[in-house]
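# Provided below for reference: sequence and predicted model.
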Amino acid sequence: MMSLKNFGIFAMIACLLFPASNVYGHGFGVDTISSVDIQGKKLSIMVEMPMYFENQQDQITITAIEDESKENAKNVTFLIGLFHKDEMIFRNYFFAENGILPIIVTPTEDPEITIHGKQDSLLGAWHGTETNPIEISGPLFNTGGLYNFEIEVRTIDEPTNIIENSGIYNADLSLIETISFIEQDSENNDVEFRSKSYFDTVTNFVYDPNAKEIRFEMPFDWSEKQMSHVNVVHVETHFPKDFVEFLPPSYSAFANGIELFKSSISVDDYTEDDERIVHLVLLQDHLRFLKNEMKKSSDPLPDNMVFRISTSEDIAFPLEAYTKSEDFKINLSWDPLIVEPEVPTNFIFTIRDGRTNDPLRSSDYTFLIIQNGKEIHRVSGIAQVGGEFEKFTFSEEQTGPTIIKFENIRNTGQETEFALVVVPEFGSVALLVLVISITSIIFVTRKSSLNI
């Protein structure tokens, strides 16, 4: 007969084998305006731009595609206005013979916007060629945050087919911005926080050492017109790993006083060697939930988001870590929750496909426990159904920072790791590790996993 303890372990493995929330990369540099009605013809207009303007020149591309034929629209004249922080940067006509409008952008310190190219005689629309595309230079994209493209279609099919009152459509794209803030800890020592926003500019950043929480703001338009094409709001908060007073197992997060979904906040101790990164990720469903909650007590709605991140002692299992290639993902839990010396601990894990999230049967692995840079335990095995567990009992001398590492996953040489601090006087503190591709990653969670 199965003991209650073994049944508990079996039940945890079964839970880990059940598909968890999928994690995908997300390209913030694209926004698509759907169902644009031009003289009875449905178009989709796609706007693409880099998330960073780090080069001497970069490119913005605007493409009009006919929904029915899936082909590029012909002889399209766009009236494009570019706005940032409610200020207009430019507003001009641009012509795209084949429906694709590439614009070379050269940010400079010059105070004036200059457009290089040829203009037609009908609307004065700028147009270029494959060898000589349109170029815009001047004070463009010199600061981060949200940029709004206001687009009208003024001709289609024929260059002389001028359309009046075609409607104004909006695309919003973000330029990633990183801002440093120097705050004081409980002993008045300076601590550098860095805020990396994939949506809009972070302001009024404050660390409160008494409450052990951070607060900051971000502009946000809660109107349905704007929210309908905001896919995600993503902000990272970086701070040193040796800033112990703000290094709990997990965090609680609030926006405008409303507690966020547990799936909206993630901790990353892997991407940067010396920093912890706390991610806040709000999907469109989350934003609508917040809006509905605010409408119960706030009229009119605010024009911003006020975030608060507080320390929490709760540990959210399973933890997740990816290999650097993102080919594999490991889910890890342990039992008992409080890891103590001389108490047997079961480390329960599932090896998953990093892209489909499916458990991978017959998976080879090597399981290691490392303290002070030295291995204290190593064992190899095969997870026959994708999930397995390994037992280990820490001795009285085996306390402090501990690495749980998985090597040679499925005999590929790939690896990943988790961190755990075993402190006998206080039990254990889990440093949650969620491996993230640093380029343009956000977390996308299915509706079924949205639990407060």
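All right, it came through fine.

# now do the same end-to-end measure for stretch 275-292.
Using C-alpha to C-alpha, to the nearest Å, the end-to-end distance of stretch 275-292 comes to 35 Å.

# Tell me the buried residues in it?
275-283, 286-287, 289-291 (16 or more other C-beta atoms under 10 Å). All C-beta atoms are positioned from the backbone trio N, CA, C, and that covers glycine.

# from those residues, which two are the most distant?
Glu275 and Lys291 (32.5 Å; C-beta to C-beta).

# Closest to Phe216 out of the buried residues of stretch 275-292?
Distances from Phe216 to these, taken by C-beta to C-beta, are shortest for Leu280, at 9.9 Å.

# Next one: that closest one from Phe239, what distance?
Distance from Leu280 to Phe239, counting by C-beta to C-beta, to the nearest Å: 14 Å.

# now do Ala211
To Phe239, Ala211 is 16 Å away according to C-beta to C-beta.

# ok, these two, which is more surrounded?
Phe239 (22 against 11; other C-beta atoms under 10 Å).

# in the sheet, who's paired with that one?
On the basis of DSSP bridges, Phe239 is bridged to Arg276.

# mind checking how far it is from Phe246?
7 Å.

# before we move on, back to that, can you list which of the buried residues of stretch 275-292 are found in helices?
Within the buried residues of stretch 275-292, residues falling in helices by DSSP state H are 286-287, 289-291.

# and the residues you listed as TSV, adding distance to Ile104 and pLDDT?
Below are these laid out as TSV (distance: C-beta to C-beta, whole Å; pLDDT from 0 to 100):
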residue	distance to Ile104	pLDDT
His286	37	84
Leu287	34	90
Phe289	41	90
Leu290	39	93
Lys291	38	93
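
# which one of these is nearest Asp200?
Nearest member of those to Asp200, counting by C-beta to C-beta, is Leu287, at 13.2 Å.

# Next up, the contacts around the closest one.
227, 230, 233 (C-beta atoms under 8 Å, 6 or more residues apart in numbering).

# ok, now with 10 Å
Going by C-beta atoms under 10 Å, 6 or more residues apart in numbering, Leu287 touches 220, 222, 227, 230-233, 255, 305.

# what does Phe307 give?
Contacts of Phe307 (C-beta under 10 Å, 6+ apart): 195, 202, 205, 214-218, 233, 235, 237, 253-256, 260, 280, 282.

# try Asn98
Contacts of Asn98 by C-beta under 10 Å, 6+ apart are 63-64, 71-76, 130.

# Which among those count as buried?
63-64, 72-76.

# Turn those into JSON lines, columns for distance to Glu326.
As requested, the buried ones among the contacts of Asn98 are arranged in JSON lines below (distance: C-beta to C-beta, whole Å):
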{"residue": "Thr63", "distance to Glu326": "29"}
{"residue": "Ala64", "distance to Glu326": "34"}
{"residue": "Asn72", "distance to Glu326": "33"}
{"residue": "Ala73", "distance to Glu326": "36"}
{"residue": "Lys74", "distance to Glu326": "40"}
{"residue": "Asn75", "distance to Glu326": "42"}
{"residue": "Val76", "distance to Glu326": "38"}
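
# Secondary structure and pLDDT added to the residues you listed, as a markdown table?
Shown next, in a markdown table, are the buried ones among the contacts of Asn98 (DSSP: H, G, I helix; E, B strand; the rest coil; pLDDT from 0 to 100):
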| residue | secondary structure | pLDDT |
| --- | --- | --- |
| Thr63 | strand | 96 |
| Ala64 | strand | 96 |
| Asn72 | strand | 95 |
| Ala73 | coil | 95 |
| Lys74 | coil | 96 |
| Asn75 | coil | 96 |
| Val76 | strand | 96 |
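
# Out of the buried residues of stretch 275-292, which is nearest to Ser166?
Of the buried residues of stretch 275-292, the one sitting nearest to Ser166 (C-beta to C-beta) turns out to be Leu287, at 28.7 Å.

# Which parts of the chain belong to which domain?
The chain breaks down into these domains under automatic domain parsing: 30-175, 187-315, 317-431.

# Take those and write them to TSV, including distance to Phe181.
Shown next, in TSV, are the domains of the chain (distance: least, C-beta to C-beta, whole Å):
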stretch	distance to Phe181
domain 30-175	15
domain 187-315	4
domain 317-431	23
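
# just flag whichever of the ones you listed has the lowest average confidence.
Sorting the domains of the chain by mean pLDDT places domain 317-431 lowest, at a mean of 85.

# any common contacting residues for Phe239 and Phe246?
In contact with both Phe239 and Phe246: 183, 191, 193, 207, 214, 276, 278, using C-beta under 10 Å, 6+ apart.

# can you redo these as a markdown table with secondary structure and distance to Leu332?
Below are these laid out as a markdown table (DSSP: H, G, I helix; E, B strand; the rest coil; distance: C-beta to C-beta, whole Å):
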| residue | secondary structure | distance to Leu332 |
| --- | --- | --- |
| Glu183 | strand | 32 |
| Val191 | strand | 30 |
| Phe193 | strand | 28 |
| Tyr207 | strand | 30 |
| Ile214 | strand | 27 |
| Arg276 | strand | 18 |
| Val278 | strand | 19 |
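
# List just the nearest of these to Ser312.
Distances from Ser312 to these, taken by C-beta to C-beta, are shortest for Val278, at 11.4 Å.

# From Val339, how far off is Phe367?
15 Å.

# Out of those two, name the residue with the larger neighbour count.
In this view Phe367 and Val339 are compared by other C-beta under 10 Å, and Val339 has more residues nearby, 23 against 19.

# doesn't Thr402 make contact with the more buried one?
Yes - if you go by C-beta atoms under 10 Å, Val339 and Thr402 touch, sitting 8.4 Å apart.

# just to revisit the earlier point, just curious, which of the buried residues of stretch 275-292 is nearest to Lys329?
His279 (16.3 Å).

# Nearest residue to the closest one in space, please, no chain neighbours.
Ser266 (4.4 Å; C-beta to C-beta, 6 or more residues apart in numbering).

# what does Lys41 give?
In space, Lys41 is closest to Glu66, 6.4 Å off (C-beta to C-beta, 6+ apart).

# can you count the residues close to that neighbour?
Neighbour number of Glu66 under other C-beta under 10 Å is 17.

# So it is in contact with Gly40, correct?
No - using C-beta under 10 Å as the test, Glu66 is too far from Gly40 to be in contact (11.5 Å).

# ok now the host helix or strand of Thr32, how far from the chain's centre?
For Thr32, the host element (DSSP states H and E) is strand 30-38. Relative to its parent chain, strand 30-38 has a centroid offset of 24 Å by C-alpha atoms, centre = their mean, to the nearest Å.

# Alpha carbons of that strand, in CSV - could you do that?
Extracted as CSV, the C-alpha positions of strand 30-38 are listed here (Å, rounded to 0.1, in the frame of the first residue of the first chain):
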residue,chain,number,x,y,z
VAL,A,30,5.4,45.3,-34.2
ASP,A,31,1.9,46.6,-34.0
THR,A,32,-0.8,45.6,-36.5
ILE,A,33,-4.0,47.6,-37.2
SER,A,34,-6.7,45.2,-38.3
SER,A,35,-9.8,45.6,-40.3
VAL,A,36,-9.1,49.0,-41.8
ASP,A,37,-12.0,49.7,-44.2
ILE,A,38,-11.0,51.7,-47.3
